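> structure, please.
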Amino acid sequence: MRLKPPTIAPQLAFTDIYGKITMIGGATGRRTLLCFFRDASCPFCNFRIYELTNRHEQLARQGLEIIAVFAATPERVKHFAARKPRPFVVVADPTAAAHDAYGIQRSFWRKLKAVVMRTPTLFRGLRIVGLAGLNTNNLLPADFLIDEEGRIVDSWYGRDAGDRIPFERVESFVAQHQSEPPPVPSV
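From the prediction side, this is the model:
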């Protein structure tokens, strides 16, 4: 089942690929972009990781935490998506438990649609992962913008394997929350 705003994000604990415990969802006190990825060798996923890496410094300065969750083993994530250190949290979800909790969908046909409709991005991603990127699972991507209280403010379920939340929506979320006054401590 898809999660829609203003639903409270399901809270899950994972160990990231470097062995650190990471909380996904729930009230963390941080604004978060939670990105669900398919297989670690997915060319579309790796291209998005490249984009997130390039934008991370700016987004982090504005108070946004990024968590990337892959439906793959830690070894596979380290080999493909995290072979270069990433400046954000990268989690392996080999049983797809987090993917299931957030209602991530599966579709062979929508994966195929991305191959046909997003060929330039496919080739850019294949340059990163090689031919292993042609054999991936049928999970579709999804992105969630979560506020400090753990509420999903925006959810984006990919219409195909390469469909991600536009960065304009992420930047709007960051800008909106920057203009809000800080909470007044209760006495």
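> quick one, strands of the chain?
12-15, 21-24, 31-37, 64-70, 89-92, 142-146, 152-157 (DSSP state E).
> now mean neighbour count, mean pLDDT and distance to Phe108 too, for the ones you listed, in CSV please.
In short, each C-beta sits where N, CA and C put it, glycine included. Below are the strands of the chain laid out as CSV (neighbours: other C-beta atoms under 10 Å; pLDDT from 0 to 100; distance: least, C-beta to C-beta, whole Å):
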stretch, mean neighbour count, mean pLDDT, distance to Phe108
strand 12-15, 14, 88, 27
strand 21-24, 16, 86, 27
strand 31-37, 24, 95, 17
strand 64-70, 24, 95, 19
strand 89-92, 23, 94, 23
strand 142-146, 24, 97, 17
strand 152-157, 19, 96, 16
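> for Arg83, find the nearest of those strands.
strand 89-92 (11.0 Å; C-beta to C-beta).
> tell me what the closest one is packed against?
Strand 89-92 sits against strand 12-15, strand 21-24, strand 64-70, helix 74-79, with contacts defined as 3 or more C-beta pairs under 8 Å, 6 or more residues apart in numbering; DSSP states H and E.
> low-confidence ranges, the chain, go.
128-136, 177-187 (pLDDT under 70).
> quick one: the helices in it?
Read by DSSP state H, the chain holds these helices, from start to end of the chain: 43-61, 74-79, 97-101, 108-117, 119-129, 167-178.
> about what we covered before: rebuild the helices and strands packed on strand 89-92 as JSON lines, extending it with distance to Thr53.
Shown next, in JSON lines, are the helices and strands packed on strand 89-92 (distance: least, C-beta to C-beta, whole Å):
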{"stretch": "strand 12-15", "distance to Thr53": "20"}
{"stretch": "strand 21-24", "distance to Thr53": "18"}
{"stretch": "strand 64-70", "distance to Thr53": "9"}
{"stretch": "helix 74-79", "distance to Thr53": "14"}
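> tell me which of the ones you listed sits nearest to Trp109.
Here strand 64-70 is closest among these (C-beta to C-beta), at 22.0 Å.
> the closest one: how far from the chain's middle?
Going by C-alpha atoms, centre = their mean, to the nearest Å, the spacing between the C-alpha centre of strand 64-70 and its chain's C-alpha centre is 5 Å.
> got the angle for it vs helix 167-178?
140 degrees (axes from the mean of the first three to the mean of the last three C-alpha atoms, to 10 degrees).
> and strand 64-70, what does it pack onto?
strand 21-24, strand 31-37, helix 43-61, strand 89-92, helix 167-178.
> which residue is nearest the middle of the chain?
Central residue of the chain (C-alpha atoms, centre = their mean): Cys35, 1.1 Å from the mean position.
> that one pairs with what?
Counting by DSSP bridges, Cys35 forms beta bridges with Ala68, Asp143.
> so which of the helices and strands packed on strand 89-92 comes closest to Leu140?
Of the helices and strands packed on strand 89-92, nearest to Leu140 by C-beta to C-beta is strand 64-70, at 13.4 Å.
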